[in-house]
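A.B. asks: the following block contains a protein sequence and its predicted model.
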Amino acid sequence: MDLLAAKGRRDRYAIGSAAGDHYEIGKGVGQDKDMAIKLLSTASADGNLTAAITLGAIYMRPGGNLAMAMKQTEHAAKLGDRSSQLIVGRAYLKGTGVDADIAKAEFWLRKSAEGGNERARELVRSNFERK
């Protein structure tokens, strides 16, 4: 990928994320959840961490779509967000929004713990280390 193409991609997902945020809260534009989701989805698919986190939060709201929330939160976890890694690890541990999967739970909780998340460290100690 040449430099101009890479810059264009960064600009597109930064603009999409910011515009999505504006539509989500109605800042300077009419509030439009569907438009927010469309713009944030494009930015998230392009690798924008903020967009993935925001989409996960939108879908987690009451009346939201828990499966989509977990999909976006796991995407944010894959992009390196330690809090998202904790959320995903706990979801797999408890089977919240996903099928319970102890191996995936341990993977995400350890990854979050390695990044300095103290709550993840506590969960790793209490669930995966021999006593």
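C.D. replies: Cool, the structure landed.
A.B. asks: got phi/psi on Ala100?
C.D. replies: phi -60, psi 140 (degrees, to the nearest 10).
A.B. asks: quick one: residues contacting it.
C.D. replies: 92-94 (C-beta atoms under 8 Å, 6 or more residues apart in numbering). In this view, the C-beta of every residue, glycine as well, is placed from N, C-alpha and C.
A.B. asks: cool, Lys94 as well?
C.D. replies: So Lys94 contacts Ala100 (C-beta under 8 Å, 6+ apart).
A.B. asks: and for the one 3 residues further on?
C.D. replies: Contacts for Gly97 (C-beta under 8 Å, 6+ apart) come out as 66-67, 69-70, 91.
A.B. asks: show me how this structure divides into domains.
C.D. replies: 1-78, 80-131 (automatic domain parsing).
A.B. asks: distance between the last one and the chain's centre?
C.D. replies: Using C-alpha atoms, centre = their mean, to the nearest Å, the mean C-alpha position of domain 80-131 is found 14 Å from that of the whole chain.
A.B. asks: so where's the protein shaky on pLDDT?
C.D. replies: Applying pLDDT under 70 to the chain flags residues 1-27, 131.
A.B. asks: please repeat the previous calculation with a cut-off of 50.
C.D. replies: 1-7, 13 (pLDDT under 50).
A.B. asks: what about the helices in it?
C.D. replies: Assigned by DSSP state H, the chain shows helices spanning 3-25, 33-45, 49-60, 66-78, 82-94, 102-114, 118-128.
A.B. asks: using TSV, lay out the contacts of Ala100 together with distance to Ser83.
C.D. replies: Formatted as TSV, those follow (distance: C-beta to C-beta, whole Å):
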residue	distance to Ser83
Tyr92	15
Leu93	16
Lys94	17
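A.B. asks: of all those residues, which comes closest to Glu129?
C.D. replies: Glu129 lies nearest to Leu93 out of the contacts of Ala100, by C-beta to C-beta, at 14.2 Å.
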